[in-house]
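> Dropping a prediction and its sequence here:
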Amino acid sequence: MFRIYLCLITLLYLYGCKGCEQTFKSIKSDTVGMNRVIVLYDCNGGVIQKWEGNINVDAQQSSFARFILDGKTWQISGIITIEEK
């Protein structure tokens, strides 16, 4: 019984930790995606294309972003914004 209480207290403590929240959010993003809006802009600031939905983004490269939406894999480069809804 003590172990159950200890586990619950530990989970509650970790849930309140900002670093832990970011880690949990990152795991969720990597596994199932998050509700996001991605916008690709031209050099004058006009919108070229906009994607919305439950999107899993791989933006570790600075020159492009890769994401999966509706079973299609997109790879875009340029000026983009990725907004979490």
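Nice, thanks for sending it over.
> Show me how the protein divides into domains.
1-31, 33-85 (automatic domain parsing).
> weakest of the ones you listed in terms of mean pLDDT?
When the domains of the chain are compared by mean pLDDT, domain 1-31 comes last with a mean of 69.
> Now do the helices in the protein.
2-16, 18-31 (DSSP state H).
> Let me know whether Phe64 touches Asp58 as I believe.
No: checked against C-beta atoms under 8 Å, the pair Phe64 and Asp58 is beyond contact range at 9.4 Å. Quick note: C-beta positions are derived from backbone N, CA and C, even for glycine.
> Not counting sequence-adjacent ones, nearest residue to Gln75?
In space, and not counting its chain neighbours, Gln75 is closest to Arg66: 4.7 Å by C-beta to C-beta, 6 or more residues apart in numbering.
> got a list of what the one you found touches?
57-59, 73-75 (C-beta atoms under 8 Å, 6 or more residues apart in numbering).
> Scan the protein for its longest strand.
Ranked by residue count and defined by DSSP state E, the top strand of the chain is strand 47-58.
> residues making contact with that strand?
29-30, 32-42, 65-70, 74, 78, 82.
> same thing but at 10 Å, please
28-42, 64-70, 72-76, 78-85 (C-beta atoms under 10 Å, 6 or more residues apart in numbering).
> So which of those residues belong to strands?
Among the contacts of strand 47-58, DSSP E puts 34-41, 65-69, 72-76, 79-84 in strands.
> Among the residues you listed, the buried ones, what's the PyMOL command?
Buried residues within those, by 16 or more other C-beta atoms under 10 Å, are selected in PyMOL with:
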select buried, resi 34+36+38+40+65+67+69+74+80
